[in-house]
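Asker: my questions concern the predicted model and sequence given below.
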Amino acid sequence: MAGFHVGHMGLHVPSIEEELEFLEKLGGTLTEIDEMDNGTRVAFVSMDGERHHTIALFEDGEKIPSGNSRLKGIGLHHIAMPVESRGDVDQWQRDLENKGVKTAGPSIQGPLGGGLDNGSGSYSIFFQDPNGICFEIYTGSMSVSEFKASKAVAQ
């Protein structure tokens with residue numbers, strides 16, 4: 001059986017408008033806002049400009065108390081979005097910082113960059129949305145076969 005890619009993510013948020021403002025800084029585009037039978041508003045956001053939505057926002061959530069989903073083990077840990085190159089990661093960092101979004105990194109997710117010894121080797125930055133949900137922009141993640149080969153060489 002072949003693997004699969006994530007088609008979209010659903011996030012519980014206290015304010016669709018606040019989250020949309022943040023996602024627009026990442027290039028997201030609102031497709032539509034709808035309402036469920038129970039009255040919950042739902043926004044569909046396309047992050048790739050092609051699919052109807054890659055993120056669905058459900059306006060029934062709360063901000064993460066710690067302010068960073070990577071720091072407190074409740075719900076979603078982070079959302080990772082791949083780009084083509086380290087230059088792209090660096091450009092996103094500059095653009096986000098210029099738009100008032102505080103970032104952490106860049107760092108290498110592996111022994112060469114202070115990450116876990118068994119990390120993917122990706123080059124990444126991390127940042128939080130207004131609700132504390134952590135996002136990652138990364139490049140250079142090893143494939144499963146590349147990772148296994150690197151472990152075999154290390155032994």
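Answerer: Perfect, thanks for sending it.
Asker: flag the shaky bits of this structure, pLDDT-wise.
Answerer: Counting by pLDDT under 70, the ranges of the chain that qualify are 1-5, 7, 73-75, 111-118, 151-155.
Asker: and the helices in it, which stretches?
Answerer: In chain order, the chain shows helices spanning 16-25, 86-98, 144-154, with DSSP state H as the criterion.
Asker: tell me which of those helices lies nearest to residue 67.
Answerer: For the helices of the chain, the distance to residue 67 is smallest for helix 16-25, at 13.9 Å, taking Cβ to Cβ. Just so you know, the C-beta spots here come from the backbone N, C-alpha and C atoms, and that holds for glycine as well.
Asker: run the chain-centre distance for the closest one.
Answerer: For helix 16-25, the distance between its averaged C-alpha position and the chain's averaged C-alpha position is 14 Å (Cα atoms, centre = their mean, to the nearest Å).
Asker: that helix: which residues count as buried?
Answerer: Using 16 or more other Cβ atoms under 10 Å as the burial criterion, the residues of helix 16-25 that qualify are 16, 18, 19, 20, 22, 23, 25.
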